[in-house]
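Asks: Compute the structure for the input listed below.
(chains A and B)
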Amino acid sequence: MARKEYQKRLSELRDDVLYMGEVVQERLRMALAALESKDDELAEEVIVRDSEVNDLYLDLERQCTDLIARQQPVAGDLRFIAASFKIITDLERIADLATNLGKYTKQAQRDVYPDVDVQEIGAMALEMVEAAMDAYAEEEVEMCYAIDRRDDDLDALCERASGTVVRDLIETELGMETDEGEIERLLSDVSRVLLTVRDLERVGDHAVNIAARTLYMVENDDELLY
Amino acid sequence: MSDTGPAIETSIEAETDTARGDSGGVDQQTAETVLSARDLEVFYGDERALKPVNAEITEKKVTAIIGPSGCGKSTFLRSINRMNDMIDVCRVTGELRFKGKNVYDEDVDPVALRRKVGMVFQKPNPFPKSIYDNVAYGLKIQGKDGDRDAQVEEALRRAALWDEVKAKLDASGLDLSGGQQQRLCIARAIAPDPEVILMDEPASALDPVATAQIEDLIEELSRDYTVVIVTHNMQQAARISDRTMVFLTGGELAAFDDTQAIFENPKSQRVEDYITGKFG
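Replies: Numbers count the residues shown, from 1 in each chain, chains lettered A, B, ... in the order given. Next comes the predicted model:
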């Protein structure tokens, strides 16, 4: 096979994107664990180590631009690099969202809304990210479509959860005689739970983006893009 | 391009009119097709250099021809204006139609054909004459009337060379830089007012700046002329062409599609392997 150095660099790019995917999934797992066990230390670790993901992102971005500038990739190679370039942005954003979860964990003073199963939502979002990276690794077209369909389930779950929080607020809390301090705490709890749900829903959106770019990469099909 | 010149050129024009005008004619050309290959095969002695080629080349577009060495891309280019006639052992079968008229018909004069279908070669080859005479030469042999100075200026302007040479038209064409010489050859090719310009790796002997000037010029020329260019430089084909033909080993036309499709999503795996550099 000709252009051995070029082929080696393409292969390295793929390995490094998959590695970044592993790191980001691990961060999300840690953030969910911290949230569940209210482990401030673990939450802090997720926040601090976000810079590692940023460094991986910058290195991969440089690899992509370097390949484009110096190797003039075309056809399947070009689609692979273009897709990878977009996918690392989604991975970086997922890590940022995991960092948000870490911050919410540290802010939480008490257990609220046991009716909202954040862990169930988180598990579904994480599973979508895992599947999206598997689809990228294995060039699995069917899995890309499955992730897109799964996002509808996640969105429905998130909508129900947000609805539960707001309904609960209207039905019970507002009728109570509460002092100023209690209202502040209530607002903080409500917004934290709503933001947690919204961020996990966004993790699912990024997983769909990864699936959409993978589909473009494999089949030159832009059906799942927007 | 309305000038018809000598008799056989008139023959080409007349045939074209018939082909376009007569709905019962054998040749239903679309308005945009200027060159059409029908089962065109080229042999050198017993060896087949080109497997049957069927292709339609569109008017006022840049068509690039790429492929590995020895794949037949120059052979195809040279078959368009019968440059292969000069090779004794060369034999052509099938048809190559220029505006509906098979250029291999017995009544076609190759010299007249080459005025309509001009050619620019890899190595700039100006005559050892003045810049002015290099351009005027083609006009003289054509017996073209009119203001010779104005015609020379027009050709040099179209070749994006006028501003650089207008003060030294009497200087030898050989004193110009490589890139200027190539543009002089392009001016010489377009002076007789051709319809098609064939280019055989016109920038491969030039430095990057001169190459960029030629590439800009090709884009300009495609407003008025049909350009068919053979290039070894795939990025050049990707940059400048509208359509791309890919010939693969054995003289096979493996793909002919919009350039964007060839370089972003080629239909054939063999073409993909070639353009991504996996072989060839």
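
Asks: need the residues of chain B near chain A, please.
Replies: When proximity is defined as CB under 8 Å from any CB of the partner chain, chain B approaches chain A at B:234-235, B:238, B:262-266, B:272, B:275-280. Placement of C-beta: from N, CA and C, glycine included.

Asks: Quick one: buried ones out of the residues you listed?
Replies: Burial by neighbour count, 16 or more other CB atoms under 10 Å in any protein chain shown: within the residues of chain B next to chain A this picks out B:234, B:238, B:262-266, B:272, B:275-278, B:280.

Asks: Among the residues you listed, name the ones in helices.
Replies: B:234, B:238, B:262, B:263, B:264, B:272, B:275 (DSSP state H).

Asks: In JSON lines, list those along with distance to residue A:3 and pLDDT.
Replies: Below are those laid out as JSON lines (distance: CB to CB, whole Å; pLDDT from 0 to 100):
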{"residue": "B:234", "distance to residue A:3": "12", "pLDDT": "92"}
{"residue": "B:238", "distance to residue A:3": "17", "pLDDT": "94"}
{"residue": "B:262", "distance to residue A:3": "18", "pLDDT": "95"}
{"residue": "B:263", "distance to residue A:3": "16", "pLDDT": "94"}
{"residue": "B:264", "distance to residue A:3": "19", "pLDDT": "91"}
{"residue": "B:272", "distance to residue A:3": "13", "pLDDT": "94"}
{"residue": "B:275", "distance to residue A:3": "11", "pLDDT": "93"}
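
Asks: Quick check: the farthest pair among these?
Replies: B:238 and B:272 (14.0 Å; CB to CB).

Asks: next structured bit after the helix or strand bottoming out on mean pLDDT in chain B?
Replies: Lowest on mean pLDDT, DSSP states H and E among the helices and strands of chain B sits helix B:7-21, with a mean of 43. Following helix B:7-21 in sequence order, the next helix or strand is strand B:33-44 (DSSP states H and E).

Asks: just how off-centre is that following strand within its chain?
Replies: Chain-centre distance of strand B:33-44: 14 Å, with CA atoms, centre = their mean, to the nearest Å.

Asks: Check which helices and strands it sits against.
Replies: strand B:47-58, helix B:73-80, strand B:90-98, strand B:226-230 (3 or more CB pairs under 8 Å, 6 or more residues apart in numbering or on different chains; DSSP states H and E).

Asks: Among the ones you listed, show me which one is buried the most.
Replies: Here the criterion is mean neighbour count by mean count of other CB atoms under 10 Å in any protein chain shown, and of the helices and strands packed on strand B:33-44 the winner is strand B:226-230, at a mean of 25.

Asks: Identify the residue nearest the geometric centre of chain B.
Replies: residue B:198 (1.1 Å; CA atoms, centre = their mean).

Asks: Give me the three-state assignment for the closest residue to that residue other than its chain neighbours.
Replies: Of all residues not flanking residue B:198 in the chain, residue B:119 sits nearest, at 4.6 Å (CB to CB, 6 or more residues apart in numbering or on different chains). Of the three states, residue B:119 takes strand under DSSP: H, G, I helix; E, B strand; the rest coil.

Asks: Wait, residue B:119 touches residue B:81, no?
Replies: Yes - Residue B:119 is within contact range of residue B:81, at 6.1 Å (criterion: CB atoms under 8 Å).

Asks: Give me the phi and psi angles of residue A:3.
Replies: Phi and psi for residue A:3, reported as degrees, to the nearest 10, are phi 50, psi 60.

Asks: Tell me, how many residues neighbour it?
Replies: 15 (other CB atoms under 10 Å in any protein chain shown).
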